[in-house]
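Peer 1: Would you be able to build a 3D model of this:
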Amino acid sequence: MAQLEKDLQQKVVWITGASSGLGKALAQECALRGARLVLMARRFDELENVRNGLLNADQHVSIAADITNENQVRQAYVQVLEKFGRIDCLINNAGLSQRALIKDTTMQTERTIMEIDYFSQVFLTKTVLPTFIKQKSGRIAYVSSVAGLLGTQYRASYSAAKAAIHMWANSLRAEVAENGIGVSVIFPGFIQTNVSFNALDGAGQPQGHQDDAIANGLAPNVFAKQVVNALLAQKEYIVVAGKKEKLGVMVSRLSPKLLYKMIRKIKVK
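Peer 2: Next up, the predicted model:
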């Protein structure tokens, strides 16, 4: 069956970008529901800090790997199967945002964002897919963004990458449904994380400061609870955002022309 159980008791959940922000919040929520977690990010010490703070810490494993390094991803996959023997849910959460106008963004910065937010997630999915197909069960989730549905100033590359993984996931869903595998895409709005600090400017350097919209966004634990509930309910299209972002998503479906007029007038940086 494609769905997860009504809870995550003893289910193996692999979360990328798990050392902070949304990944950390998702790890905490999944642990509370009984999951056995694979926490992956580049910083092992930070991962261990997260793992040691989780319920039943000894049931979880930290794997330090760069999501853009294919050899490290393959090695991580081997480690996961050696440890748990299966994967019930993969949450592709690792990502990188942007704060730059198109005219100021170098091609190297464009490629860096696409590599992390799109190609790395595609490669990880391709790597683990044989296990899901063999099991004939499981769920693969992607953290896209409301920006991937709308497209705004200062986020062109980010919006493009998040839209790309959404469309790729739609195709994956159609291809693997007969194998009992579910595919979900998550569209966060403004959530209180460090995403703004790490967002790249046009030259590819971290912005280094917080955005007001992010600072006033949803709490990470609220986001995580809504996402896990939605995944357990087998939802495929999951928008977790404030009222303004949800309004934008609704307008994008009903009247793209009106949406574009609204976007031109709003302050996004």
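Peer 1: quick one: contacts of the longest helix seen in the chain?
Peer 2: Counting by DSSP state H, the longest helix found in the chain is helix 156-176. For helix 156-176, the external contacting residues (Cβ atoms under 8 Å, 6 or more residues apart in numbering) are 92, 95-98, 100-102, 105, 109-110, 113-114, 116-118, 121-122, 125, 129, 132-133, 140, 142, 144-145, 147-152, 182-185, 187, 199, 236. No exception for glycine: its C-beta is placed from N, CA and C like everyone else's.
Peer 1: Mind giving me the packing neighbours of the helix or strand that comes right after that helix?
Peer 2: Past helix 156-176, further along toward the C-terminus, the next helix or strand under DSSP states H and E is strand 182-188. On a contact count with 3 or more Cβ pairs under 8 Å, 6 or more residues apart in numbering; DSSP states H and E, strand 182-188 meets strand 139-143, helix 156-176, helix 220-232, strand 237-240.
Peer 1: and these, which is most packed in?
Peer 2: Neighbour counts (mean count of other Cβ atoms under 10 Å) averaged over each of the helices and strands packed on strand 182-188 peak at strand 139-143, with a mean of 26.
Peer 1: What about the contacts of helix 156-176, which are in strands?
Peer 2: Using DSSP state E, 92, 140, 142, 182-185, 187 are the members of those that sit in strands.
Peer 1: Restricted to buried residues, select the residues you listed in PyMOL.
Peer 2: Entered in PyMOL, the line below selects the buried ones among the ones in strands among the contacts of helix 156-176, by 16 or more other Cβ atoms under 10 Å:
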select buried, resi 92+140+142+182+183+184+185+187
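Peer 1: in the helix or strand bottoming out on mean pLDDT in the chain, what counts as buried?
Peer 2: Across the helices and strands of the chain, mean pLDDT, DSSP states H and E gives its lowest value to helix 212-215, namely a mean of 79. If you call a residue buried by 16+ other Cβ under 10 Å, then helix 212-215 has these buried ones: 213-214.
Peer 1: do stretch 259-269 as well
Peer 2: 259, 263.
Peer 1: next one: it to chain centre, how far?
Peer 2: Centroid separation for stretch 259-269 versus its chain: 25 Å, with Cα atoms, centre = their mean, to the nearest Å.
Peer 1: Stretch 247-265 too?
Peer 2: Computed by Cα atoms, centre = their mean, the chain-centroid distance of stretch 247-265 equals 24 Å.
Peer 1: Quick one: end-to-end length of that stretch, please.
Peer 2: Distance across stretch 247-265, first residue to last, is 15 Å (Cα to Cα, to the nearest Å).
Peer 1: could I get the helices and strands packed on strand 182-188 as TSV with distance to residue 56?
Peer 2: Output for these, formatted as TSV (distance: least, Cβ to Cβ, whole Å):
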stretch	distance to residue 56
strand 139-143	21
helix 156-176	30
helix 220-232	16
strand 237-240	26
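Peer 1: Switch these over to JSON lines; also include mean pLDDT.
Peer 2: JSON lines is the format used below for the helices and strands packed on strand 182-188 (pLDDT from 0 to 100):
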{"stretch": "strand 139-143", "mean pLDDT": "98"}
{"stretch": "helix 156-176", "mean pLDDT": "98"}
{"stretch": "helix 220-232", "mean pLDDT": "96"}
{"stretch": "strand 237-240", "mean pLDDT": "96"}
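Peer 1: Between these, which one is closest to residue 41.
Peer 2: strand 139-143 (13.6 Å; Cβ to Cβ).
Peer 1: Return the list of helices and strands in contact with the closest one.
Peer 2: Checking 3+ Cβ pairs under 8 Å, 6+ apart, strand 139-143 ends up next to strand 89-92, helix 120-135, helix 156-176, strand 182-188.
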